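**Student:** I'll drop the sequence and a predicted model, then ask my questions.
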Amino acid sequence: MKLVILDRDGVINQDSDQFIKSPDEWIPIPGSLEAIGRLNREGWRVVIATNQSGIARNLFNMDMLNRIHDKMVQMVAGKGGEVDGIFFCPHGPGDACRCRKPRPGLFEDIAERFRIQLNDVFAVGDSERDIVAARDAKARPVLVKTGKGRSTAKTSTELDGVPVFRDLAEFVDTLVQGKLEEY
């Protein structure tokens, strides 16, 4: 199975330090929805792994998160794509959960659900915690410079051997052309 794991905020949609709290605030990054559609057309399945501590912080509830994700799924479908699963951590930074990135719990849940090993699965994120979680789960981390990615690329000490791309669209172009090993 060809699978790609994507972080949500900063990879697929614009990020906000004030959190994405409603469907109106969920704004796709140019080219990201088309990139997911292209992945699907090339035989890749797409899964989302995202921290959503806004729930623990009482900034929004599960119903609102579902509405945000419904908008995302519908917009992806409008570009010919499909999301095969959305895995999220609703906990806050101080909670002792295993699912909040940089811990690998979300990735382990994905591996279990899809019955696969993650060593050939690319995990695209925009922050150091995305990279660390992917690496700890034995997935193949990728950084994009959208969202927090530019600052992560400048300050992270965790990027040794991690390919870095301008955005999700550039990553997908490189992947489907079979040129990822050049990075």
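**Tutor:** Cool, got the structure.
**Student:** Okay, and the closest residue to Met62 other than its chain neighbours sits in which element?
**Tutor:** Spatial nearest neighbour of Met62, chain neighbours left out: Ile55 (6.7 Å); criterion: CB to CB, 6 or more residues apart in numbering. C-beta: built from backbone N, CA, C; applies to glycine. Following DSSP states H and E, there is no helix or strand that holds Ile55.
**Student:** How many neighbouring residues does Ile55 have?
**Tutor:** The tally of other residues near Ile55 (other CB atoms under 10 Å) stands at 18.
**Student:** gap between it and Pro93?
**Tutor:** 13 Å (CB to CB, to the nearest Å).
**Student:** who touches the residue nearest to Met62 in this structure?
**Tutor:** By CB atoms under 8 Å, 6 or more residues apart in numbering, the residues touching Ile55 are 61-62, 65, 90.
**Student:** and what of Val121?
**Tutor:** With CB under 8 Å, 6+ apart, Val121 has these contacts: 3-5, 139-140.
**Student:** can you pull out the helices in this structure?
**Tutor:** Using DSSP state H, the helices found in the chain span residues 32-41, 62-78, 105-114, 128-136, 149-155, 168-176.
**Student:** Just list what the shortest one packs against, helices and strands only.
**Tutor:** When you say that, I think you mean helix 149-155. Helix 149-155 is packed against helix 128-136, strand 140-144, with contacts defined by 3 or more CB pairs under 8 Å, 6 or more residues apart in numbering; DSSP states H and E.
**Student:** and if you look at the third one?
**Tutor:** The elements that helix 105-114 packs onto, with contact taken as 3+ CB pairs under 8 Å, 6+ apart, are strand 3-6, strand 45-51, strand 85-89, helix 128-136.
**Student:** For the last one, C-alpha coordinates in PDB please.
**Tutor:** Right, the one you point to is helix 128-136. Output in PDB follows, covering the C-alpha atoms of helix 128-136 (Å, rounded to 0.1, in the frame of the first residue of the first chain):
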ATOM      1  CA  GLU A 128       9.900  19.900  14.400                       C
ATOM      2  CA  ARG A 129       7.300  17.900  16.400                       C
ATOM      3  CA  ASP A 130       6.000  16.500  13.100                       C
ATOM      4  CA  ILE A 131       9.500  15.400  12.200                       C
ATOM      5  CA  VAL A 132      10.300  13.900  15.600                       C
ATOM      6  CA  ALA A 133       7.000  12.000  15.700                       C
ATOM      7  CA  ALA A 134       7.400  10.600  12.200                       C
ATOM      8  CA  ARG A 135      11.000   9.600  12.900                       C
ATOM      9  CA  ASP A 136      10.100   7.900  16.200                       C
END
